[in-house]
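Novice: what follows is a predicted structure for the sequence shown.
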Amino acid sequence: MRRLPTVLLAVSVATWAAGCAQPPTPQVDAAKAKLAAAAAEGATFAPDAYKAAQDAEAQLDAELTAQSGSFALFRSFDRAGELAASLDAAADRVTQAVTAEKARQRAEAERVVADAKRSLEEAKASLEKLPARQAKALAADLTAAESALGEADSSLSGGQLAQARQRAEAAVQALAPVGTAVEAAAAAEAARQAGPGEVFIPTAVLADGTRLPAGAYAVRVTNDQPSPVVGQTAGSERWVEFVRNGKVTGRALALALSPTEIREVAAAPGPANNDARVEMLKDREYVRVWLNRGGTNYLIHMPPAPR
């Protein structure tokens, strides 16, 4: 009879140990399966969330290993259950992040494709303004752009978002010669129509931060100079004014170069004395106005204004 309490205690301890010693296998398997299902897209579209989920899985595995190797009477899988729940939540976050990123990429790809289609339509309309011979020479660029856009649409339909964007960008690149030719033709025609002493700016530009719309301007070289900086020769720059309808609409700095100096920075011959030239340079990154006033060359560089 005296041994009965001891036996009951032993049974209770054994029962307690058995209850606490069972790993939460269903929860662990479910959480791991959820992460495995999201692994491929998670690594591509949500690498940060996926890495966090992998870390949660590693913590869970370490806890399961530690408890399985511990003495049975002191073994507890309570912490493992908590980590399984954390892994399950982390896997959910991976799925959510993937969905959000795919939606963002799709919207961006659709925007790029739509912009490319608008550029194509504008190019088609602009091509009609060119001489027939020149338009015919550029027809292949339109065909290439249309083909690239067809592939972009197919990629969008198939969920290949990166390819869709790349092909839309290829279409825009194919249209670049058309835009350059149209701008050059418009500038040449406007230059012929410009009055004496005027230059024609083919696209809106920023002159010292001020927006100048496209059009004809009289350009005046002033005697105003910026304060020279270290290493710069005093008097090498002048402020020039762009005048329209008798009013100064903007001004910009011009680099003043002698005939000897201009040969060191420009390969092509400059404008004749008291004449001017307007060019779109460096992949249309800026407009250069080149003035020749009494043999001195004035170079003005202005970036296109944002639309």
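Specialist: Structure's in. What do you need?

Novice: run a quick neighbour tally on Leu149.
Specialist: Applying other Cβ atoms under 10 Å, we find 22 residues neighbouring Leu149. Every residue, glycine included, has its C-beta placed from N, CA and C.

Novice: got it, and Pro306?
Specialist: 7.

Novice: over to Asn273?
Specialist: When neighbours are defined as other Cβ under 10 Å, Asn273 has 10 of them.

Novice: same check, this time on Ala137
Specialist: Neighbours of Ala137 under the rule other Cβ under 10 Å: 13.

Novice: quick one: pLDDT of it?
Specialist: What the model reports for Ala137 is a pLDDT of 85.

Novice: state the helix or strand in which the most centrally placed residue in the chain lies.
Specialist: The centroid of the chain falls nearest to Glu108 when counting by Cα atoms, centre = their mean (9.8 Å). When elements are assigned from DSSP states H and E, Glu108 belongs to helix 78-127.

Novice: which helices and strands does that helix pack with?
Specialist: helix 25-45, helix 47-68, helix 132-157, helix 161-193 (3 or more Cβ pairs under 8 Å, 6 or more residues apart in numbering; DSSP states H and E).

Novice: now the longest one: average pLDDT?
Specialist: What it means is helix 161-193. The average pLDDT within helix 161-193 is 80.

Novice: now that helix: how far from the chain's centre is it?
Specialist: 19 Å (Cα atoms, centre = their mean, to the nearest Å).

Novice: contacting residues around Glu198?
Specialist: Ala216, Tyr217, Ala218, Val219 (Cβ atoms under 8 Å, 6 or more residues apart in numbering).

Novice: next: Thr222.
Specialist: Contacts of Thr222 by Cβ under 8 Å, 6+ apart are Arg238, Trp239, Val240, Glu241, Arg251.

Novice: could you redo the last one with a cut-off of 7 Å?
Specialist: Arg238, Trp239, Val240, Glu241 (Cβ atoms under 7 Å, 6 or more residues apart in numbering).

Novice: excluding its backbone neighbours, what's nearest the second one?
Specialist: What it means is Trp239. Closest residue in space to Trp239, ignoring its immediate chain neighbours: Asp224 at 4.2 Å, by Cβ to Cβ, 6 or more residues apart in numbering.

Novice: please, where are all the helices along the stretch 151-300 of the chain?
Specialist: 161-193, 259-265 (DSSP state H, counting those that start in this stretch).

Novice: need the winner for burial among those helices.
Specialist: Each of those was scored by mean neighbour count; the highest is helix 161-193, a mean of 18, by mean count of other Cβ atoms under 10 Å.

Novice: so what secondary structure elements neighbour that helix?
Specialist: helix 78-127, helix 132-157, strand 198-201 (3 or more Cβ pairs under 7 Å, 6 or more residues apart in numbering; DSSP states H and E).

Novice: okay, those in CSV with distance to Leu175 next?
Specialist: Converted to CSV, the helices and strands packed on helix 161-193 look like this (distance: least, Cβ to Cβ, whole Å):
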stretch, distance to Leu175
helix 78-127, 5
helix 132-157, 5
strand 198-201, 22
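
Novice: just say which of those is most tucked in.
Specialist: Greatest average neighbour count among these goes to strand 198-201 (a mean of 20), per mean count of other Cβ under 10 Å.

Novice: centre of the chain to that strand, how far?
Specialist: Using Cα atoms, centre = their mean, the offset of strand 198-201 from its chain centre is 33 Å.

Novice: direction included, what does it pair against?
Specialist: Paired neighbours of strand 198-201 in the sheet (DSSP bridges): strand 215-221 (antiparallel).

Novice: between the strand it pairs with and helix 161-193, how many degrees?
Specialist: 70 degrees (axes from the mean of the first three to the mean of the last three Cα atoms, to 10 degrees).
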